[in-house]
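Asks: turn this into a structure:
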Amino acid sequence: MTVIASKCPDYKVTVVDISEEKIKAWNSSNLPIFEPGLLERVLKARGKNLFFSAEIDRCIDEADIIFVAVNTPTKTFGEGAGKAIDLQFIEQTARRIKENAKSKKIVVEKSTISVRAAETMASILHAGNNSVQFEILSNPEFMAEGTGIRDLENPDRVLIGSRNTPSGLAARDVLMDIYLHWVPEERLITTNLWSSELSKLATNAFLAQRVSSINTIAAICEVTEADVTEVSRAVGMDSRIGSKFLNAGPGFGGSCFRKDILNMVYLCEHYQLNKIAAFWEQVVSFNDYQMESYVKRILQAMFNTLVGKKLAIFGFAFKPDTGDTRDAPAIYICKRLLEEKACLKITDPHALDNAMKDLQGMKGVDFIEDPYRAVEGAHGIALITEWASYKKLDYQKIFDAMEKPAFIFDGRNHLDHKALYEIGFNVYPVGKSALKHL
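Replies: Predicted coordinates:
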């Protein structure tokens, strides 16, 4: 909404939320999320044509277009538990829109939802004696956290799904007019509603599959003395494949990949496409295996016991340039390390507050902003998030502050392994042979 406001000064954009605390933060200089470039754009547009309000009912009534961007987590109960998307917040939002809309509205699905969920929303909006006309569009978001502003301002494509009716196509054109303020027309893709909804799930499933695929190759590299970085480069230069999402690591995270693949599995099972469901479920299963494999490598390298040993955790966010820790590999990895009775010193430039919530009540963990303090007396370092700042640290200073032998487990192949080895570290990358002094 910030990007739309900054690119479309003739539109009034109001963001509403049930949380008055979040709205208060959005109206301050301390935004509730970190995203490079976001604060500058909010400050430039806020109070002019970008507003943040907790007056949801009034804003629904005044709006011509309503973007629905509520949370759609995986169900934890009942039918489809652990796989299906929980649509309760979508339904609650639809009912609130119906109650407060007195004039026709275009309702745009931004949340990632299951295929044909627009039918559910339409059924609620048009139920009873409601004479207000609603037109529903699907406009899934393909931006990535950490590069969100860049992705929105220069998107690969903008996808808009609509009903193939005169009113549906007219609503589609209204939304297209917004994007045409800055997006070239050839990047606007129009489809039917169901294709648009499925495209979002399919995109995330394909990306997650690539992560799991390269991690299977990394496992082979570690036992054959091949180098996953070299293999990835060779594979990625094939124009049919491309180089993105071919970096080995401890597994994927974030709010989308696991949730969307599991919803794909549930969808396939619903339509009795059981072999297809099993195929996609394996992508998630291997991701769990990869996180466990990373923990086991730490355990085995450090003489098969972590009891009382101090480990500095470099990075907790699921990826760099965000404070988001939803489904971050670090959560699973840290909990497993704590089960092995290690003492953890977690550092991250922007995710410590969320890390504290994720590991709340767990003993043996400290949260330290300064990485140089985190490594004092540590037996090893586990790099889980590839923040650029970690490349710039003085590793001789870090080595001198650590217990010996000193280990570093570079879960993202982010650092200069040869230089670390020459300093004295025992270096354990992903998908490569370890460099050991032992």
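
Asks: how about the strands in the stretch 101-250 of the chain?
Replies: Counting by DSSP state E, counting those that start in this stretch, the segments of the stretch 101-250 of the chain that form strands are 105-109, 134-138, 158-162, 188-192.

Asks: what's the pLDDT at N129?
Replies: Model confidence at N129, given as pLDDT, is 73.

Asks: can you put the strands of the stretch 101-250 of the chain in CSV and add distance to E403, mean neighbour count and mean pLDDT?
Replies: (C-beta placed from N, C-alpha, C; glycine too.) Output for the strands of the stretch 101-250 of the chain, formatted as CSV (distance: least, C-beta to C-beta, whole Å; neighbours: other C-beta atoms under 10 Å; pLDDT from 0 to 100):
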stretch, distance to E403, mean neighbour count, mean pLDDT
strand 105-109, 53, 22, 96
strand 134-138, 55, 24, 95
strand 158-162, 52, 23, 96
strand 188-192, 55, 16, 96
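
Asks: among the ones you listed, which comes closest to G148?
Replies: G148 lies closest to strand 158-162 among the strands of the stretch 101-250 of the chain, at 14.4 Å (C-beta to C-beta).

Asks: what angle sits between that closest one and strand 134-138?
Replies: Using axes from the mean of the first three to the mean of the last three C-alpha atoms, to 10 degrees, the inter-axis angle of strand 158-162 relative to strand 134-138 is 140 degrees.

Asks: so what does whichever helix or strand Q300 is part of touch, helix or strand wise?
Replies: Here Q300 sits within helix 274-301, counting by DSSP states H and E. Identification of packing neighbours for helix 274-301 by 3 or more C-beta pairs under 8 Å, 6 or more residues apart in numbering; DSSP states H and E yields helix 193-224, helix 257-270, helix 329-339, strand 380-383, strand 407-410, strand 426-428.

Asks: what comes up buried for it?
Replies: 277, 280-281, 283-284, 286-287, 289-291, 293-295, 297-299, 301 (16 or more other C-beta atoms under 10 Å).

Asks: got it, and stretch 331-348?
Replies: In stretch 331-348, counting by 16+ other C-beta under 10 Å, buried: 331-334, 336-338, 340, 342-348.

Asks: same question, stretch 219-236
Replies: 219, 221-222, 226-229, 231-232, 235-236.

Asks: can you add pLDDT and distance to K48 and give these back as CSV?
Replies: As requested, the buried residues of stretch 219-236 are exported to CSV (pLDDT from 0 to 100; distance: C-beta to C-beta, whole Å):
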residue, pLDDT, distance to K48
A219, 95, 53
C221, 96, 53
E222, 94, 54
A226, 97, 56
D227, 97, 52
V228, 97, 49
T229, 97, 47
V231, 97, 51
S232, 97, 46
V235, 97, 48
G236, 96, 43
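
Asks: just these now: which is nearest R172?
Replies: Lowest distance from R172 to these (C-beta to C-beta) belongs to G236, with 35.9 Å.

Asks: walk me through the domains of this structure.
Replies: For the chain, automatic domain parsing gives the domain ranges 2-200, 302-428.

Asks: on that earlier part again, got the helices and strands packed on helix 274-301 as TSV, with distance to E109 columns?
Replies: Conversion of the helices and strands packed on helix 274-301 to TSV gives the following (distance: least, C-beta to C-beta, whole Å):
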stretch	distance to E109
helix 193-224	7
helix 257-270	14
helix 329-339	29
strand 380-383	38
strand 407-410	40
strand 426-428	44
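
Asks: number of nearby residues for the residue nearest to V228 when sequence neighbours are not counted?
Replies: Computed as C-beta to C-beta, 6 or more residues apart in numbering, the closest residue to V228 that is not its neighbour in sequence is G431, at 2.7 Å. Neighbour count for G431, taken as other C-beta atoms under 10 Å: 24.

Asks: give me the three-state assignment for G431.
Replies: Using DSSP: H, G, I helix; E, B strand; the rest coil, the structure places G431 in coil.

Asks: mind checking pLDDT for it?
Replies: In this model, G431 carries a pLDDT of 96.

Asks: dump the residue contacts of the closest residue to H126 other than its chain neighbours.
Replies: Sequence neighbours aside, F134 is the residue nearest to H126 in space, at 6.6 Å (criterion: C-beta to C-beta, 6+ apart). Counting by C-beta atoms under 8 Å, 6 or more residues apart in numbering, F134 makes contact with 97, 101, 104-107, 122, 125-126.

Asks: go on, I368?
Replies: Counting by C-beta under 8 Å, 6+ apart, I368 touches 345-347, 374.

Asks: among these, name the ones in strands.
Replies: 345-347 (DSSP state E).

Asks: can you tell me the SS state at R95?
Replies: R95 ends up helix, using three-state DSSP.

Asks: could you report the distance from the nearest residue to it once chain neighbours are set aside to L201?
Replies: Among residues not flanking R95 along the chain, I124 sits closest, at 5.9 Å (C-beta to C-beta, 6+ apart). Taking C-beta to C-beta, to the nearest Å as the measure, I124 falls 22 Å from L201.

Asks: between those two, who's got more neighbours?
Replies: The neighbour comparison of I124 against L201 (other C-beta under 10 Å) goes to L201, with 23 against 19.

Asks: ok, that one touching R116?
Replies: No - if you go by C-beta atoms under 8 Å, L201 and R116 don't touch, sitting 11.8 Å apart.
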